[in-house]
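Asker: Predicted model and sequence follow; I will ask about them next.
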Amino acid sequence: MSARVGLVLASRRVAFASKIGGDTNSVTEFTLNCLLSARNQVAFRPAIAKRQTQSLPPSSSEEILNQQRLKRPSSPHFTIYQPQLTWLSSIANRVTGASLSTLLYGFSLAYLVAPDTFDSAHIITLISGLPEYVKYAGKVILAAPFAFHSLNGLRHLGWDLGKFLSVKSVYRTGYAVIGAAAISTVALVLM
């Protein structure tokens, strides 16, 4: 092993001396100093960086994790941002889709559980006995999410085709969906 190190040192000394144009003695001193400092770093590493570990019960891992979470920076919440049409329409699309799905599945399950109560004849007699303002409010509650979600779905299909993807087009189509949904809601309520 020492013969190999000596051969490597000699070849490095000659190569380094020829590049810098100096004598081999100054190169030898430089090389030896580098080797000694590297050897000292390796020799002192275990003394300096000795780590001690200790066993912890499994219940303390959650406590340690919670302490680490408290030190993390918190990302800004959407309430600090100025409302924009893009994220408002995205939230509205999700809410209307979830509410329409919940209504559909809720009515379907209710019909499966009690088909005599939720048949068409009973529902028509129930609704016909309601006051006019309740009927119109119910129509608005059903028509507005349906119109918005349907028209915004067409907008998303346009995006899937690669159309209307510039910022200007996104805002134009967003305002168009809101306007068309308002007109459609009024038309559906007056039917």
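Answerer: It's in.

Asker: If you tally nearby residues, what's the number for the residue nearest to Leu151 when sequence neighbours are not counted?
Answerer: Leaving out its chain neighbours, the residue that sits closest to Leu151 by Cβ to Cβ, 6 or more residues apart in numbering is Val177, at 4.8 Å. (Glycine included, C-beta is placed from N, CA and C.) With neighbours defined by other Cβ atoms under 10 Å, the count for Val177 comes to 24.

Asker: Next secondary structure element downstream of the host helix or strand of Tyr105?
Answerer: Using DSSP states H and E, Tyr105 falls within helix 85-113. Elements were assigned by DSSP H and E; along the chain past helix 85-113, the next helix or strand is helix 120-128.

Asker: now the helix or strand just after that following helix: mean pLDDT?
Answerer: Heading C-terminal from helix 120-128, the first helix or strand you meet, by DSSP H and E, is helix 132-160. Mean pLDDT, taken over the full extent of helix 132-160, equals 96.

Asker: For helix 132-160, list every residue counted as buried.
Answerer: Applying a neighbour-count criterion of 16 or more other Cβ atoms under 10 Å, one finds 142-149, 151-152, 155 buried in helix 132-160.

Asker: now the helix or strand that that helix is followed by against helix 132-160, angle please.
Answerer: Scanning forward in sequence from helix 132-160 by DSSP H and E, the next helix or strand is helix 167-189. Angle of helix 167-189 versus helix 132-160, following axes from the mean of the first three to the mean of the last three Cα atoms, to 10 degrees, is 150 degrees.

Asker: which strands and helices sit next to helix 167-189?
Answerer: Judged by 3 or more Cβ pairs under 8 Å, 6 or more residues apart in numbering; DSSP states H and E, helix 167-189 is in contact with helix 85-113, helix 132-160.

Asker: got these as TSV, with distance to Arg172 columns?
Answerer: Written out in TSV, the entries for the helices and strands packed on helix 167-189 read as follows (distance: least, Cβ to Cβ, whole Å):
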stretch	distance to Arg172
helix 85-113	10
helix 132-160	10
